[in-house]
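J.: generate coordinates for the sequence data below:
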Amino acid sequence: MAGQTTVPSSPELSSLRALPPSAKLVVKTLEYEGRLTQAELVESTRLPDRTVRYALRKLEDEDVVTSRISFADARQRVYSLTTAES
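T.: Predicted coordinates for the structure are as follows:
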């Protein structure tokens, strides 16, 4: 089967397939830029605030993203990929 590439099967990959495109964009943004706040994700992805909030909630439910309270501003949370911390 020349020319065919196989994609490794992983729980993260299979859980991402069922998620909306906005959640996939948030994952890619976190993958490239690292830890970001919700406001930084809104700015970076150019998605509406409400859409980013929904995507983050879905990603946290799937254990793809984790959040922590920001040390710089306790009112904000910093989001990162779960696999990046493990």
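J.: grab the nearest non-local neighbour of S44.
T.: The spatial neighbour of S44 that comes closest, neighbours along the chain excluded (C-beta to C-beta, 6 or more residues apart in numbering), is T29 at 5.3 Å. Backbone N, C-alpha and C define where each C-beta goes, glycine included.
J.: relative to A55, how far out is the one you found?
T.: Taking C-beta to C-beta, to the nearest Å as the measure, T29 falls 10 Å from A55.
J.: settle it for me: which of these two has more neighbours?
T.: Each of T29 and A55 has its neighbours counted (other C-beta atoms under 10 Å); A55 has more, 25 against 19.
J.: the more buried one against D49, yeah?
T.: No - using C-beta atoms under 8 Å as the test, A55 is too far from D49 to be in contact (10.8 Å).
J.: okay, now the unreliable bits of the chain?
T.: The chain contains residues with pLDDT under 70 at 1-14, 83-86.
J.: helix, strand, or coil at the closest residue to L36 other than its chain neighbours?
T.: Spatial nearest neighbour of L36, chain neighbours left out: Y79 (6.0 Å); criterion: C-beta to C-beta, 6+ apart. Here Y79 is recorded as strand under DSSP: H, G, I helix; E, B strand; the rest coil.
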